[in-house]
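# could you look at this predicted model? Sequence included:
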Amino acid sequence: MALRCVGPRRSLLSHNALGGLWPRAKAVCSGAAGSEEIEKKLLAFPGGSVDLVKKECGIAVLTISNPERMNAFSGTMMLQLQEQVTQLEGWREGKGLVVRGAAGTFCSGSDLNAVRAISNPEDGVKMCKFMQDTLTRLLRLPLISVALVEGRALGGGAELTTACDFRLMTPGSEIQFVHKHMGLVPGWGGAARLVRIVGSQNALKLLSAAQKVNSSYAEQIGLSDGVVSPEGGTLVQTERWLSSFAGGPAPVVRAVKKVVLSGRELPLSDALVAERDIFGTVWGAPTNLEALARKSKHK
Ligand SMILES: CCCC(=O)SCCNC(=O)CCNC(=O)[C@H](O)C(C)(C)COP(=O)(O)OP(=O)(O)OC[C@H]1O[C@@H](n2cnc3c(N)ncnc32)[C@H](O)[C@@H]1OP(=O)(O)O
């Protein structure tokens with residue numbers, strides 16, 4: 001199947017988190033011709049930050065921080081998110097990732113001041129390509145990722161939650177694809193990912209009614225994977241929850257994510273090839289040999 005590549009070959013290779021195991025022709029081709037131009041425009045909208053803390057236990061925390069604007073994405077924050085994803089792609093010891101917002105709320109989407117300034121369709125499409133590329137790379141990291149949703153996740157913020165493997169919500173928090181109210185549809189890849197998470201019927205309801213999704217409804221339709229109560233610290237609890245999936249040796253955790261990712265994204269025949277290749281990286285490797293020597297029983 002021929003795929004239309006809209007970006008430089010360089011980005012196809014360096015953004016391939018599966019490290020060469022991903023069939024080249026099937027990779028999402030990203031990075032628009034002229035992406036330098038939109039990057040220059042995004043630089044003109046400063047404010048806030050995207051902060052990354054990588055812990056020795058192999059879990060990283062990515063914080064979207066622009067509290068004066070409910071953690072809306074300024075232009076420079078979009079650029080910083082891309083840089084932090086690049087950092088995570090190179091983190092060989094990494095196993096898990098928590099994505100959260102600062103100051104008790106998740107993210108209110110793109111900064112409306114920046115949106116107003118680049119409201120022509122050409123710039124809008126370039127900005128979307130830029131964010132789609134970054135969020136696709138985020139979801140494809142060989143890390144098990146979870147969005148910790150506190151407060152509101154609106155518009156692009158709701159789309160960001162779908163670029164994680166899992167979502168946990170606090171009571172009282174809400175995810176809302178407000179795009180229709182703004183005369184828009186998702187453009188950061190959020191609709192395509194949402195359909196895969198909750199199915200097309202539920203996705204159509206959430207997008208066409210710009211429905212507010214609370215923690216219990218989100219769990220009911222499979223958008224959320226659980227509720228985190230504020231007692232005991234939401235981040236601590238989220239990290240503990242994540243540890244049950246991202247615990248163990250990094251090569252094995254990363255291999256688990258890779259086989260699921262290839263199963264999720266590739267046609268079956270290609271996924272089977274990828275799975276064999278990934279299997280080859282763990283078969284006879286130290287963890288496998290240790291388990292054999294222990295004569296492990298799984299009672
Ligand atoms: C493809 C991407 C599509 C998109 O993401 S389009 C953007 C979608 N997001 C929105 O439309 C969010 C609009 N904002 C709101 O609905 C409300 O501000 C929100 C988030 C529910 C919070 O409501 P409240 O708790 O009542 O707080 P508030 O309205 O006074 O907000 C506090 C300050 O934050 C600002 N803010 C919130 N979201 C923003 C945004 N996306 N861009 C720029 N500024 C934003 C808001 O203007 C206010 O600032 P100020 O205090 O008036 O200076």
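Yep, it's here.

# can you pull the pLDDT of T86?
With respect to pLDDT, T86 scores 98.

# for my notes, confirm it occurs in a helix.
Yes: with DSSP: H, G, I helix; E, B strand; the rest coil as the criterion, T86 is located in a helix.

# that one: what's it in contact with?
If you count contacts by CB atoms under 8 Å, 6 or more residues apart in numbering, T86 has none. In short, each C-beta sits where N, CA and C put it, glycine included.

# the helices in the stretch 101-250 of the chain, which residues?
112-117, 121-139, 156-161, 190-198, 200-208, 215-220, 234-246, 250-265 (DSSP state H, counting those that start in this stretch).

# same list (those) but as TSV, adding mean pLDDT, mean neighbour count and distance to the ligand.
Output for the helices of the stretch 101-250 of the chain, formatted as TSV (pLDDT from 0 to 100; neighbours: other CB atoms under 10 Å; distance: least, CB to the nearest ligand atom, whole Å):
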stretch	mean pLDDT	mean neighbour count	distance to the ligand
helix 112-117	89	15	4
helix 121-139	96	20	6
helix 156-161	99	29	3
helix 190-198	98	19	8
helix 200-208	98	16	12
helix 215-220	98	17	17
helix 234-246	98	18	19
helix 250-265	98	19	22
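
# tabulate those (JSON lines), appending distance to S65.
Output for these, formatted as JSON lines (distance: least, CB to CB, whole Å):
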{"stretch": "helix 112-117", "distance to S65": "16"}
{"stretch": "helix 121-139", "distance to S65": "17"}
{"stretch": "helix 156-161", "distance to S65": "13"}
{"stretch": "helix 190-198", "distance to S65": "21"}
{"stretch": "helix 200-208", "distance to S65": "26"}
{"stretch": "helix 215-220", "distance to S65": "23"}
{"stretch": "helix 234-246", "distance to S65": "14"}
{"stretch": "helix 250-265", "distance to S65": "26"}
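
# closest to E93 out of those?
Evaluated over the helices of the stretch 101-250 of the chain, closeness to E93 peaks at helix 250-265, with 5.4 Å, by CB to CB.
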